[in-house]
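Chemist: sequence unavailable; structure follows:
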DNA sequence: GAGCAGTACCTTGCATTAACAGGTACTAGG
DNA sequence: CCTAGTACCTGTTAATGCAAGGTACTGCTC
């Protein structure tokens, strides 16, 4: 593997880390705002330095909706097509609680590895 | 989507969270032990509640080796075939430092979202 | 009122990646 | 020998984020 490939791998890591946690992030944003639509979520994640693009969150929102974690209602916009405003269902709030527990457990595990490493250094 | 599908999704989340961070975990374990082989890494990750299987780490080790993040030397075993004992290269140590920075930035971003959410609750 | 810009929704195809299952090879003990 | 145990490796599959393209609605300009 060439050095160029290698560097691109390193730059890619933050994107890799994000994988699989996006659902959690989206639920967090929706839970915070109560009434948000796709662009709001996009903006919130970008503000937190978690770059995501449109094509990524729409399938995710559909999936979370099918799983009955969140619901939406159409709201007409003064400029443009109507928007889907999302909010969490009871199931969604429950799931979010469990996801938070798993997130904490997960980061704790890795931080233990980190501390074990830094002890040597 | 049926409730069964839904539950399997939730059980799957820890696996999802792990995606993309495995490289980092493996580098951490190797950096800690200095001289470890695949089974050691497997055991260390399992001890930290990060369940991984054999078939997952071998391709990862090969990839990290090709990227010159780590090197190995064969050591004969008294019981079984010889083992590949891995250790970090200078590049590996450098990469690990960067990955740690990215890991911290990443978790900080998400924890900010979490705190913003818990403020409402 | 025809055309354009802007916004918002959604889908298709692609590359990457972890997991699964299976395969090879070496050692020791019966 | 031949089985059991250990260790390494490799196709194949499923999931996921991304890039790119497509539809539709509003309001503005000409």
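Modeler: Here it is on my side, so go on. Only a predicted model underlies this, so the values are computations on that prediction, with no experimental measurement involved. Numbering: from 1, shown residues only, chains lettered A, B, ... in the order given.

Chemist: so who does residue A:49 touch?
Modeler: Listed by Cβ atoms under 8 Å, 6 or more residues apart in numbering or on different chains, the contact set of residue A:49 reads B:105, B:109. No exception for glycine: its C-beta is placed from N, CA and C like everyone else's.

Chemist: what kind of secondary structure is it in?
Modeler: At residue A:49 the chain is in coil, as set by DSSP: H, G, I helix; E, B strand; the rest coil.

Chemist: for residue A:84, same thing?
Modeler: Applying three-state DSSP: residue A:84 is strand.

Chemist: that one - how many residues pack around it?
Modeler: By the criterion of other Cβ atoms under 10 Å in any protein chain shown, residue A:84 has 15 neighbours.

Chemist: so how far is residue B:24 from it?
Modeler: Relative to residue B:24, residue A:84 is positioned 36 Å away (Cβ to Cβ, to the nearest Å).

Chemist: same check, this time on residue A:87
Modeler: With the distance defined as Cβ to Cβ, residue A:87 ends up 35 Å from residue B:24.

Chemist: which of these two has more neighbours?
Modeler: residue B:24 (21 against 15).

Chemist: could you measure from that one over to DNA strand D?
Modeler: 17 Å (Cβ to the nearest atom of the strand, to the nearest Å).

Chemist: that residue against residue B:101, yeah?
Modeler: No - applying Cβ atoms under 8 Å as the test, residue B:24 and residue B:101 come out as separate, 11.1 Å apart.

Chemist: now the helices for chain A?
Modeler: For chain A, the helices defined by DSSP state H occupy A:3-11, A:13-18, A:22-33, A:38-47, A:54-66, A:90-120.

Chemist: list the buried residues for the fifth one?
Modeler: Applying a neighbour-count criterion of 16 or more other Cβ atoms under 10 Å in any protein chain shown, one finds A:57, A:60-61, A:64-65 buried in helix A:54-66.

Chemist: swap in the longest one?
Modeler: Along helix A:90-120, the positions that meet the burial threshold by neighbour count (16+ other Cβ under 10 Å) are A:92, A:95-96, A:99-100, A:102-103, A:106-107, A:109-110, A:113-114, A:116-117.

Chemist: can that helix be said to contact chain B?
Modeler: Yes - contact of helix A:90-120 with chain B (Cβ under 8 Å from any Cβ of the partner chain) involves A:95, A:98-100, A:102-103, A:105-107, A:109-110, A:112-114, A:116-117, A:120.

Chemist: and that helix, what does it pack against?
Modeler: Contacts defined by 3 or more Cβ pairs under 8 Å, 6 or more residues apart in numbering or on different chains; DSSP states H and E place helix A:90-120 against helix A:22-33, helix B:3-11, helix B:13-18, helix B:22-33, helix B:90-120.

Chemist: also the fourth one?
Modeler: Using 3+ Cβ pairs under 8 Å, 6+ apart as the contact criterion, the elements in contact with helix A:38-47 are helix A:22-33, helix A:54-66, strand A:83-88.

Chemist: please repeat the previous calculation with a cut-off of 10 Å.
Modeler: Packing contacts for helix A:38-47, counted by 3 or more Cβ pairs under 10 Å, 6 or more residues apart in numbering or on different chains; DSSP states H and E, involve helix A:22-33, helix A:54-66, strand A:83-88, helix B:90-120.
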